[in-house]
Every structure is written in structure tokens, then in C-alpha cells.
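Visitor: Could you work out the structure for the sequence below:
(one chain, ligands or ions: 2)
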Amino acid sequence: MTDILLDDDAGIAQAGALLRDGALVAFGTETVYGLGADATNAAAVSGIFAAKQRPHFNPLICHYAAFEAAFRDVIPNEAARVLAAALWPGPLTMVLPRRAACPVALLTGAGLDTLAVRVPAHPVALALLRAAGRPIAAPSANRSGQVSPTTAAHVMQGLGGRIAAILDSGPCAVGVESTVLDLSGEQPILLRPGGATVEAIEALIGPVIRGGVTPGGALRSPGMLASHYAPSLPVRLNAATVLADEALLAFGPPLSRAGAVFSLSPSGDPTEAAARLFEGLRWLDAEGTRLGLRGIAVMPIPLTGLGLAINDRLSRAAAPRDEAGV
Ligand code: AMP
Ligand code: MG
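Guide: Numbers count the residues shown, from 1 in each chain. Ligands and ions are numbered 1, 2, ... in the order given. Purely as a prediction, here's the structure:
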């Protein structure tokens, strides 16, 4: 049962309380309707992927009520400060390095060291973000493979019955997603064109690389730009036994309890496992390296529900390194 909430004070307060409780709430922004969850709650973020039936994890955008809050979680450079002052609130997403103390769940950023942050311009979205009082992860509120929704009715068609509520603020004004700009490297790179024009961005911070070829001549594709998190230790999938020099990523009852073992979900629940996946890989990588282990064995994870996305990410982690980023 999915509630439609009015965009008055009571509806916004209720939507904020649901988000703080870990529930999924769709809400309108100036671009498209987003499917929101508490970005600091890995189980809630896992619920986004489950509701959208995404076959893979991609990093989600974190929404904030103000730039000060965003820059407490990521490290802005000069260009980011200039863009925030001129274009936020608005349809611009900036990818920046996470701070060490960033409370956002690793799953939100798909395990990466960077985080995509944005302050949306819609007054109801801003009021909701203030009511929630924490960063809200929100991809578009549609099932995977369907078009982005610009009305509450579109959201209901795709996700009705799968999410707690929709905060109805009427049709979206822009209708295209936010521009995604990667500011984490030496030069700004446009990852996705969107509501904020490249011309407006370049007028403020100078030239932006538009995908394609870098000034150095290297070929870049959008798929390569969103590089994937992979542990430094080799990953062995579908392990039926654990070797003496291996750490273990367990699913269901662990094959072994000795040494470095991280249990994704003792009960074998793929949504719980997804919430713990990146945390587990990072911990096993650090602990396995500390103990002088040579690899990470991964127990089989069925291809049901989020198991598909987990297997997708693990097979990238297990691929030879020169293929892992493609
Ligand atoms: P959506 O959530 O559907 O609006 O899509 C978010 C977009 O931002 C996707 O194209 C992501 O690949 C991109 N994105 C989010 N976070 C990052 C990040 N840390 N690094 C690179 N791209 C990102
Ligand atoms: Mg989308």
C-alpha cells in the first residue's frame, strides 16, 4: 500500500518521518520524481535497488537541503564552491571526494571514494530534506528500464505497492535529470548532460571535458568514468570451500568461521546482503591484507532479487584488473 501525501506541512512532516524510519518515499524535484531513502541507512538504500529492480548497483545522488550540509560530507574544491554559490539550489550534481567521517552508507556511492551531491531547487523537496534532517539518496522513481517519472501518477504506475509513500508536489518543471559533473579529478568532466547547461558551468569555472577524448588523447567513455570499486585482493566467486590463505565473504551459514570472515546475511536475504556488500568487501580487503591472506573467497549468491546486482558487482571485482573498469 503506497500512500499519496499532500505537499502541505503535515504531508511533508509525515514524509520526513517515514524517511527517518528507513522507509522509501518518492518526492518531486524540479527535474524528475526521485525515489528517496535515508542515505546513511544501508538497509534503506538497499530497498531502493530492490524496489527499482535494478540488475546492478550504480552510485546514487545524495540530496541536501543546503550546500553547507553537502560540504560536510564531501570535500569541495574551488570550482565546487563557485558552482554551488551560483547554481545551487538547482539541477547540478557534483561528484567530489568523500570525507573520512562521511556518514553516508557505502552502498549509496556503490563503494566509491567519491559521492555525488546536489541541492535541489524545488521548495517542497527542500522542505522535505529539512524535515528528514539527513542526506537523502534518490535515483529516479521508476522501475529499471522505464522512463523517468515527472508526475506522482507516473510513480504510482511503476512503483505503487512497492514503496511507503509518494509526496505529490505536482508535475516537475524541468523534466530532464540533473547535470552530473565530476570535480574529483584534475579537470572537471561532464558525466551526464542535464538541467544545468555546460555553457553556464563553463562561464563560471572554465573548460569542462565533455566525455569523448581527454586533452591527453586518452579515450574515455561514460562507463569507464564511473569506475567501479574493486578490492585489491583477488576475488574468487562461487567458492564451495575456503583455502587456508583466503578471507571469506559468506552468504547464508558460513563455510568457515575461522580467520577473516564477513557474513553478508546469515539468513540468506539478498536485500540485507546488498546493504552490507561494500562494507564487507572493504573490511575483508583490509583485514585479509593485514593477516597476509592471498584472496577473498565468495560463497554462491543466488540470482534472485538483489542477488543479480550483487553477482554483477562481484564478477566485476573478480574480473582481470584491466577489464574491471569497463
Ligand atoms: P540517477 O540516480 O539515475 O539520477 O543517476 C545518477 C548518475 O550519477 C548516474 O549516471 C551515476 O553514474 C552518476 N554518479 C553518481 N555518483 C557518482 C560517482 N561517485 N562517480 C561517478 N558518477 C556518479
Ligand atoms: Mg533513472
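
Visitor: Quickly note the distance from Ala70 to ligand 1.
Guide: The gap separating Ala70 from ligand 1 is 13 Å, by CB to the nearest ligand atom, to the nearest Å. Yep, even glycine has a C-beta here, placed from its N, CA and C like the rest.

Visitor: what's the neighbour count on that residue?
Guide: By other CB atoms under 10 Å, 23 other residues sit near Ala70.

Visitor: And the contacts of the helix or strand encompassing it?
Guide: Assigned by DSSP states H and E, Ala70 falls within helix 67-73. If you take CB atoms under 8 Å, 6 or more residues apart in numbering as the criterion, helix 67-73 is touched by 62, 64, 80, 84-85, 88, 98-99, 102-104, 115, 117-119, 135.

Visitor: who does the next helix-or-strand element following it touch, helix- and strand-wise?
Guide: Counting by DSSP H and E, the next helix or strand C-terminal to helix 67-73 is helix 78-87. In terms of contact count using 3 or more CB pairs under 8 Å, 6 or more residues apart in numbering; DSSP states H and E, helix 78-87 is assigned the packing partners helix 67-73, strand 92-97, helix 198-205.

Visitor: most neighbours per residue, which of those?
Guide: strand 92-97 (a mean of 24; mean count of other CB atoms under 10 Å).

Visitor: can you give me the angle that one makes with helix 78-87?
Guide: Angle, strand 92-97 to helix 78-87, by axes from the mean of the first three to the mean of the last three CA atoms, to 10 degrees: 160 degrees.

Visitor: what angle separates strand 92-97 from helix 198-205?
Guide: Using the same axes, to 10 degrees: strand 92-97 against helix 198-205 is 50 degrees.

Visitor: and strand 92-97, how far from the chain's centre?
Guide: Relative to its chain's centre, strand 92-97 lies at 12 Å (CA atoms, centre = their mean, to the nearest Å).

Visitor: Say whether ligand 1 is contacted by it.
Guide: Yes. Strand 92-97 reaches ligand 1 (CB under 6 Å from any ligand atom) through Val95.

Visitor: Use 56 as the first number from now on
Guide: Fine by me, first position is 56 from now on; the one you just mentioned is strand 147-152.

Visitor: Tell me the strands beside that strand, with direction?
Guide: strand 169-173 (antiparallel), strand 234-237 (parallel) (DSSP bridges).

Visitor: so how far is the helix holding Ala125 from its chain's centroid?
Guide: Distance, centroid of helix 122-128 to centroid of chain: 17 Å (CA atoms, centre = their mean).

Visitor: try stretch 165-175
Guide: That offset, for stretch 165-175, works out to 7 Å (CA atoms, centre = their mean).

Visitor: which parts of it are buried?
Guide: Across stretch 165-175, burial judged by 16 or more other CB atoms under 10 Å covers Ala165, Gly166, Leu167, Thr169, Leu170, Ala171, Val172, Arg173, Val174, Pro175.

Visitor: List the buried residues for stretch 230-238?
Guide: Buried, per 16+ other CB under 10 Å, within stretch 230-238: Glu232, Ser233, Thr234, Val235, Leu236, Asp237, Leu238.

Visitor: my guess is the last one meets Asn132, correct?
Guide: Yes. Leu238 sits in contact with Asn132 when judged by CB atoms under 8 Å, with a separation of 6.1 Å.

Visitor: quick check, nearest of the buried residues of stretch 230-238 to Thr296?
Guide: Thr296 lies nearest to Asp237 out of these, by CB to CB, at 41.5 Å.

Visitor: Is that closest one in contact with Val263, as I believe?
Guide: No. The criterion here is CB under 8 Å, and Asp237 misses it with Val263 at 9.5 Å.

Visitor: Could you tell me which residues touch both of those two?
Guide: Shared contacts of Asp237 and Val263, counting by CB under 8 Å, 6+ apart, come down to Pro243, Ile244, Leu245.

Visitor: what subset of the residues you listed is also close to ligand 1?
Guide: Counting by CB under 6 Å from any ligand atom, nothing from those sits close to ligand 1.

Visitor: Looking at the residues you listed, which are in strands?
Guide: If you go by DSSP state E, the shared contacts of Asp237 and Val263 have Ile244, Leu245 in strands.

Visitor: Tell me the most packed of the shared contacts of Asp237 and Val263, by neighbour count.
Guide: Neighbour counts for the shared contacts of Asp237 and Val263, by other CB under 10 Å, peak at Pro243, which reaches 24 neighbours.

Visitor: is any part of stretch 192-207 close to ligand 1?
Guide: Yes. Counting by CB under 6 Å from any ligand atom, ligand 1 has neighbours in stretch 192-207: Pro194, Ser195.

Visitor: For Ala373, give its distance to Asn96.
Guide: According to CB to CB, to the nearest Å, Ala373 stands 28 Å off from Asn96.

Visitor: More neighbours: which of those two?
Guide: Between Ala373 and Asn96, counted using other CB under 10 Å, Asn96 has the larger neighbour count: 23 against 19.

Visitor: mind listing the strands for this protein?
Guide: Taking DSSP E, the strands of the chain run over residues 58-61, 80-83, 88-93, 116-118, 147-152, 169-173, 191-192, 220-223, 234-237, 244-247, 290-291, 301-305, 316-318, 350-353.
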